[in-house]
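> Predicted model follows, preceded by the sequence.
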Amino acid sequence: MNKDFQIKPAIVALGILSLTNSNLLGVSKSNNPIGPNGTVEERGMGDQDIDLISKIKRSIKGDPHLSAIAKNIKVTSKNGKVTLSGKVASKSERAAIEKKALSIAGVGHLINKISVASWK
């Protein structure tokens with residue numbers, strides 16, 4: 001059997017491993033094109049954007065007073081400018097989420113596109 005044939009499967013296996021779990025091979029989030037959570041939405045984001053999104057989502061999901069729908073709003077960031085979008089159950093939820101995001105992103109760095117759902 002040819003030695004080259006035996007080496008190639010090992011190289012392919014390493015390539016698959018690096019694509020599925022880059023952290024095992026020491027690839028940091030800054031040079032991983034897919035991002036630490038493996039989402040395509042994180043492509044092109046800087047570390048600051050990923051950090052902002054993560055902190056805001058954790059803050060929202062950790063609030064026991066928010067509804068399940070509110071905990072699933074979309075949070076994006078580009079160059080430190082955070083955008084919130086989606087629907088929530090009430091004006092008070094919209095305000096609570098905005099307050100959380102504002103405390104993390106800072107004044108002038110937040111766009112709130114959250115709407116209150118009408119359940120008719």
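Everything's here; your move.
> Now do the domain split for the protein, please.
If you go by automatic domain parsing, the domain ranges for the chain are 1-32, 35-116.
> Pick out the shakiest of the ones you listed, pLDDT-wise.
Of all those, mean pLDDT reaches its minimum on domain 1-32 (a mean of 44).
> Please, where are all the strands along the chain?
Taking DSSP state E to define them, one finds strands in the chain at 74-78, 81-88, 110-116.
> on contacts alone, who are the packing partners of the shortest one?
Secondary-structure packing of strand 74-78 (3 or more Cβ pairs under 8 Å, 6 or more residues apart in numbering; DSSP states H and E): helix 47-61, strand 81-88. The C-beta positions use only the backbone N, C-alpha and C, and glycine is treated the same way.
> In a markdown table: these, plus distance to Lys99 and mean neighbour count.
A markdown table is the format used below for these (distance: least, Cβ to Cβ, whole Å; neighbours: other Cβ atoms under 10 Å):
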| stretch | distance to Lys99 | mean neighbour count |
| --- | --- | --- |
| helix 47-61 | 10 | 17 |
| strand 81-88 | 11 | 18 |
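> can you tell which of those is closest to Ile111?
Closest approach to Ile111 among the helices and strands packed on strand 74-78 (Cβ to Cβ): strand 81-88, 4.5 Å.
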